[in-house]
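Novice: The following comprises the amino acid sequence and a computationally predicted model.
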Amino acid sequence: MRNSFLTGLVFFSLLAAHAQPAADSSAQYKVSAKNIATTLSANGEIVSLTAGSRQINLSGRTSLDDCTQVGPAKVDQLAGGAVAFTRTLRHGDAGQIVTVVDRFLPTDDSVRWEIEIVSDGEPWTTPITTEVNYPATPATRFWTAWSDPVWTENTDTDKHTGQWTYPLVFEPLRDTWWTYGGRNTSADHIVLPLATIAEPADDFGLSIAFSPEDTILCNSRLTTTQAGAMRFSRPTYRLGGGKKLQFEMDLITHEADWRGGLRWLTARYPEFFQPPNPHANMMAGCAAYSGDEDPIDVAKFKKMSFRLNWKMCDDFPYMGMFIPPVTNADQTWEREWQDEPEVADKPHFTSTGRMNDYAHYLRTNGFYVLDYFNVTEFGRDMAKNPPTRPAGDPELWRDPRALLATQFPNALLIGGAHPTAYGAWIVDPGDPDFLKFMVEQGDLDIMWLPDSGGICIDRTDWLTQYNTKADDGVTWVHGHAARSLSQSWVSLLSQLGPKMHAADKVIFASPLYARLDLWRQIDGIYDEFGYDGRALNGSALMGIDKPVSAWSYNESVYRPDPDSFFQRHMLMGAYPTAPYPWNNHCIIPDMSWEDFYIRHSPLLERDTGHNLISTEKYYLAYGPLLDAMRGKKWVLAPHCVEVAGDTAKANLFQVPTGYALPVAFGGTAEYADVMIRNIPDLDAIKFSVLHPGDDTAVPLTTILSRSNAGVSVRVPLVRGCAMVVLQK
């Protein structure tokens, strides 16, 4: 968490920065750090910014809707060059009084802007906005961590296709907005609290990075205008009662590259980007969601870059009770199997011993199992089965209605007839009793499933909800205190995460509600809607240093074509779902649809577009290329990779053996000329290349130039792509 303000003052006093009155009467104070300085008015508003020799008529301020200032600001010049401005505001007709402190502090590479808000009296709320106005021209460009850079609505009614738009590109400023966090298939959200302005002709960039350590409530919004305004608005925060709200952000200058602000954000807040358990990187690869427990063709699946099966949710007796209170590994229970066919080798009863045997089989063959977990849904056929067991019944766990009513009665959020799968009910994972129960479920996973890699958590879409019967101390909605389930998640994961990681287990999650600050304890991503291009973009940008796998359907491989399908995953550092036996509502192995329909489930829709599902050949062709980026971390050095003439797209990842450089979407071109810059020991690196269908990389011999500016190589393309391998 952030250092205390006093600690910050000690640190900043060591810097060679200073705060001093400015010459302009409207610009009274200046806060200077390396390569950046802000000039501030006596009212605590930014009136200009200096970046090196560049002077920018930038303005910025903190505002609260419907609030007006009472009297002048109080100014305190602090140690180390920091300045604090304290203002008193009055809110509308009700007349609530609120104190706002804007504090500007120099760091070694940014100007940090801290906001502190306190109000006495009865609770109330109003949007709190940070506004920065940049003097944009038609040449000015913008980037943020968007799900869709051009806000294109997907008009394709087929839920399995999902339009993909390349997100690693600057766009002109527009009058639009994005919520911070959103349904991962929506076009109108961003996943990182970051906004970047660029002047490509001058190689200049400016970013404002908001702290993921802040308590960020749902529906916070970034708004931009064509004229250069960037506003970050925070609704539903509770004011009054003497409670203190704190927010933090930084202004950073850098090159005109979308990587610049992202580089700063990852360095400042590494705990939100790095997997807490670094062993998660070994699990990166094509994934599956299957209940099958039979042996597989190990060599074939390794060649397809398969590594991970999120074990389908059919082992538990009901949602939320993932491992019953068993006393030995052979004790059985009836698992959830009603939606499966009668299969002789998958009995209706299971045990922790059987579950661990399958995990052991995969682990000894170089693969991993993640056990199904869900922290927002509980029970099975809840509306149909009223409680029958009393509180003291030793078999109470078998009755989910009775268990909910007696053990965590305040956890219920949404009941009713059929609110979700299995007839389960929606619960609040922040309820203290239910939170304790879920942590205990994690303890049981650690105890009874030692060969499992960990857990993967489903249904994070419920984190957008509010529990109006509870109070998280910060939320105020519809005139009442509430608990945001996003904060419930943070509370639960802050306990569950360290336990799992201490046992060398990982936690993956499906980010149906996608925003960086919620994934601090998450080691990797398996996105159930990753077939949708917008979900893929969001997951990839949250997982730049974590394993990312994306849900895939047979249709998504074929549309618009298999090569573009695999190449977009390569560019984004993500892995598709592999055609694993018994995959549930995702890609299947090669077989006729009729055979699959008969063998697997009458609930599946028939695909009339293909008489034969044949995707394995594509996975076998691209598998070695996907393998080359295992353990990837995005390289964010300035202008680190560039394709001459923009004839193809490229990205650069650091991997345990060196670097992996995917080149994709080259169309019919025979080659692409690629420049690599600003990575260590570039003059000692050897290049080799993999193409679809290659099992091993071959030397790349056409080096166009080597200089202090970087290395330029000519990359031959097959199917418009290549994976370049860089090693010392």
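Specialist: Everything's here; your move. Owing to the predicted nature of the structure, the values given are computational and were not obtained by experimental measurement.

Novice: hey, where'd the helices end up in the protein?
Specialist: Under the criterion DSSP state H, the chain contains helices at 5-12, 259-268, 298-303, 352-364, 400-407, 432-448, 485-502, 533-542, 554-558, 562-572, 593-599, 616-627.

Novice: Would you tell me which of those gets closest to M723?
Specialist: With CB to CB, the closest approach to M723 among those belongs to helix 616-627: 4.1 Å. Yep, even glycine has a C-beta here, placed from its N, CA and C like the rest.

Novice: The closest one vs helix 562-572, what angle?
Specialist: 20 degrees (axes from the mean of the first three to the mean of the last three CA atoms, to 10 degrees).

Novice: so can I have TSV of the helices of the chain showing mean pLDDT?
Specialist: Shown next, in TSV, are the helices of the chain (pLDDT from 0 to 100):
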stretch	mean pLDDT
helix 5-12	32
helix 259-268	98
helix 298-303	98
helix 352-364	98
helix 400-407	97
helix 432-448	98
helix 485-502	98
helix 533-542	97
helix 554-558	86
helix 562-572	97
helix 593-599	55
helix 616-627	97
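
Novice: closest to V711 out of these?
Specialist: Of all the helices of the chain, helix 259-268 comes closest under CB to CB, at 18.3 Å.

Novice: Show me what counts as buried in that closest one.
Specialist: 259-266, 268 (16 or more other CB atoms under 10 Å).

Novice: List the contacts of S351.
Specialist: Applying CB atoms under 8 Å, 6 or more residues apart in numbering to S351 gives the contacts 326, 329-333.

Novice: ok, now Q465?
Specialist: Here Q465 is in contact with 413-414, 426, 485 (CB under 8 Å, 6+ apart).

Novice: can you name the two of the residues you listed that are farthest apart?
Specialist: I414 and L485 (10.9 Å).

Novice: Neighbour count for the two, which is higher?
Specialist: Applying other CB atoms under 10 Å to I414 and L485 shows that L485 carries more neighbours, namely 28 against 15.

Novice: Check whether the more buried one really touches D431, as I assumed.
Specialist: No - using CB atoms under 8 Å, L485 is not in contact with D431; the gap is 10.3 Å.

Novice: Quick one, grab the pLDDT at the nearest residue to L206 once chain neighbours are set aside.
Specialist: Computed as CB to CB, 6 or more residues apart in numbering, the closest residue to L206 that is not its neighbour in sequence is I197, at 4.8 Å. I197 is assigned a predicted lDDT (pLDDT) of 98.

Novice: Next up, the contacts around L40.
Specialist: Going by CB under 8 Å, 6+ apart, L40 touches 22, 27-31, 46-47, 83, 85, 104.

Novice: intersection of neighbour lists for L485 and D431?
Specialist: Shared contacts of L485 and D431, counting by CB under 8 Å, 6+ apart, come down to N467.

Novice: Which strand residues bridge V132?
Specialist: G60, M230 (DSSP bridges).

Novice: From T253, how far out is it?
Specialist: From V132 over to T253 the distance is 13 Å, taken as CB to CB, to the nearest Å.

Novice: Also M447?
Specialist: From M447 to T253 the distance is 51 Å (CB to CB).

Novice: of those two, who's got more company?
Specialist: The neighbour comparison of M447 against T253 (other CB under 10 Å) goes to T253, with 25 against 13.

Novice: and of the contacts of S351, the nearest to L726?
Specialist: For the contacts of S351, the nearest to L726 is A329 (46.6 Å; CB to CB).

Novice: Apart from its neighbours in sequence, what residue is nearest that closest one?
Specialist: Nearest to A329 is G353, by CB to CB, 6+ apart, at 3.6 Å.

Novice: Please apply the same query to G645.
Specialist: D673 (7.6 Å).

Novice: Report how many residues lie close to that neighbour.
Specialist: 17.

Novice: Next: Q69.
Specialist: Q69 - counted by other CB under 10 Å - has 13 other residues nearby.

Novice: go on, the one 5 residues further on?
Specialist: The number of residues packed around K74, counting by other CB under 10 Å, is 13.

Novice: now it: how far from C67?
Specialist: 17 Å.

Novice: One more: I115?
Specialist: Taking CB to CB, one finds I115 at 14 Å from C67.
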